[in-house]
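Visitor: just coords:
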Ligand code: PMP
């Protein structure tokens, strides 16, 4: 099997890093304070194992979404949750399904369980073919919403019709939903076959701590608890994530800032003639063009290298027709966005 290939994490300073959709702002001060408190008495509490089922963190996630903790399973990043779902529900003769393009980790996790992968193509209008998903034959289907790397969000009504039509477990991967206009959390209490996965890595700016969770029917939660590691979220990650979830004000302010910068970035690129997808996450997928170069795989590669030579990192997805001519640009600070746009202006003149 081939491993997942993460975006480049450059060593040394001086990079404008717009390639792995991290939050450009530091996390909630309440999360930092919770870590500090957990480390009192020279860190004596680190001798002890953490809560095995992340109970206080699951309570906090429940408070955040209006569920009780029986509907929440916490993980070491939402990648851990995706892995648990595949371990529990897929395997030989029980394929996983996914949209193509979407998150390239799912096939890696499926390969480790000897599960086949059924890919359902995103339509040219950047929508979901509900019928094709319903009939794809997968035991568990991963719907990345908002989609990464495309950036578009699929409406709650479309996801509701998928939940009705698809006979297996429908996992809505909402890694980027905090930046979108809507989410599908309500569907978890409407349907016995809907799971929503969330992460603290993006909107909450805690990618370095590795925390994610599933919102799911209690029967699914019970299954996931059976297959997870007994202490799958460490002590510091648990307290920081719980405090971050309770700091709604920080989240609202930060998400509003990221959305405003995202919309400014998308508008600026559109004005330059770039083909820009609707952007619902904290990134923008856009196909570069200039007076000398039409949108193409080569143009995207040329622009990528031009930016990289100026220590600006973005990401390319050359393996799909809907992404091969484009760059995916994570939303940075206002200043990073200005640096990026100035470099783009220089590329367009070159
Ligand atoms: N789902 C999607 C669609 C993602 O892009 C990512 C981040 N690469 C994840 C899940 C995983 O996030 P994490 O493991 O950091 O929670």
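Guide: Arrived safely. All figures in this text were calculated on a predicted structure; none of them were measured in a lab.
Visitor: how about the residues of the stretch 1-150 of the chain that lie near the ligand?
Guide: The stretch 1-150 of the chain has residues 77-79, 103, 144, 148 near the ligand, with proximity defined as C-beta under 6 Å from any ligand atom. From N, CA and C alone the C-beta is placed, and that goes for glycine too.
Visitor: buried residues, the lengthiest helix in the chain. List them.
Guide: Identified as the longest helix of the chain according to DSSP state H is helix 248-271. Neighbour counts over helix 248-271 (16 or more other C-beta atoms under 10 Å) mark 250-251, 254-255, 257-259, 261-262, 265-266, 268-269 as buried.
Visitor: next one: stretch 292-299
Guide: Result for stretch 292-299 [16+ other C-beta under 10 Å]: buried residues 293, 295, 299.
Visitor: which secondary structure elements does the longest helix of the chain contact?
Guide: Applying 3 or more C-beta pairs under 8 Å, 6 or more residues apart in numbering; DSSP states H and E, we find helix 248-271 packed against strand 275-276, strand 283-287, helix 334-349.
Visitor: report all helices and strands that the helix or strand following the second one contacts.
Guide: Moving toward the C-terminus from strand 283-287, the next helix or strand (DSSP states H and E) is helix 297-309. Using 3+ C-beta pairs under 8 Å, 6+ apart as the contact criterion, the elements in contact with helix 297-309 are strand 315-316, strand 327-330, helix 334-349.
Visitor: quick check: mean pLDDT of helix 297-309?
Guide: Averaged across helix 297-309, pLDDT comes to 98.
Visitor: next helix or strand past it?
Guide: Next along the chain after helix 297-309, taking DSSP H and E as the criterion, comes strand 312-313.
Visitor: pLDDT of that following strand, averaged?
Guide: Confidence for strand 312-313, expressed as mean pLDDT, is 98.
Visitor: who does it pair up with?
Guide: Its sheet considered, strand 312-313 pairs with strand 16-17 (parallel) by DSSP bridges.
Visitor: ok, for residue 334, nearest residue in space, not its chain neighbours?
Guide: Residue nearest to residue 334 in three dimensions, not counting chain neighbours: residue 261, with 5.9 Å by C-beta to C-beta, 6 or more residues apart in numbering.
Visitor: ok so, going back, from the residues of the stretch 1-150 of the chain next to the ligand, pick the one nearest residue 61.
Guide: Within those, proximity to residue 61 (C-beta to C-beta) peaks at residue 78, which comes in at 11.8 Å.
Visitor: I'd like to know how many residues surround that closest one.
Guide: Neighbour count of residue 78, defined by other C-beta atoms under 10 Å: 24.
Visitor: do the same with the one 10 residues further on
Guide: The number of residues packed around residue 88, counting by other C-beta under 10 Å, is 18.
Visitor: same question for residue 234.
Guide: If you count neighbours by other C-beta under 10 Å, residue 234 ends up with 17.
Visitor: just the residues of the stretch 1-150 of the chain next to the ligand: which are in strands?
Guide: Among these, the ones falling in strands (DSSP state E) are residue 144.
Visitor: just name the most buried of the helices and strands packed on helix 297-309.
Guide: Most buried of the helices and strands packed on helix 297-309, by mean neighbour count (mean count of other C-beta atoms under 10 Å): strand 327-330, with a mean of 27.
Visitor: which residues in this protein form helices?
Guide: Counting by DSSP H, the chain has these helices, from start to end: 29-38, 40-43, 55-65, 78-89, 105-112, 130-134, 156-165, 187-190, 218-227, 235-246, 248-271, 297-309, 334-349.
Visitor: mean pLDDT and distance to the ligand added to the helices and strands packed on helix 248-271, as CSV?
Guide: Formatted as CSV, the helices and strands packed on helix 248-271 follow (pLDDT from 0 to 100; distance: least, C-beta to the nearest ligand atom, whole Å):
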stretch, mean pLDDT, distance to the ligand
strand 275-276, 98, 19
strand 283-287, 98, 9
helix 334-349, 97, 19
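Visitor: of these, which is nearest residue 159?
Guide: Here strand 283-287 is closest among these (C-beta to C-beta), at 20.6 Å.
Visitor: the inter-axis angle of the closest one versus helix 297-309?
Guide: 130 degrees (axes from the mean of the first three to the mean of the last three C-alpha atoms, to 10 degrees).
Visitor: compute the inter-axis angle for strand 283-287 and helix 248-271.
Guide: When the same axes, to 10 degrees is applied, the directions of strand 283-287 and helix 248-271 differ by 10 degrees.
Visitor: and strand 283-287, what's buried?
Guide: 283-287.
Visitor: quick one: which of those is nearest residue 198?
Guide: Of all the buried residues of strand 283-287, residue 198 sits closest to residue 283, with 17.1 Å by C-beta to C-beta.
Visitor: so who does that closest one touch?
Guide: By C-beta atoms under 8 Å, 6 or more residues apart in numbering, residue 283 lies in contact with 21, 148-149, 151, 176, 262, 328-331.
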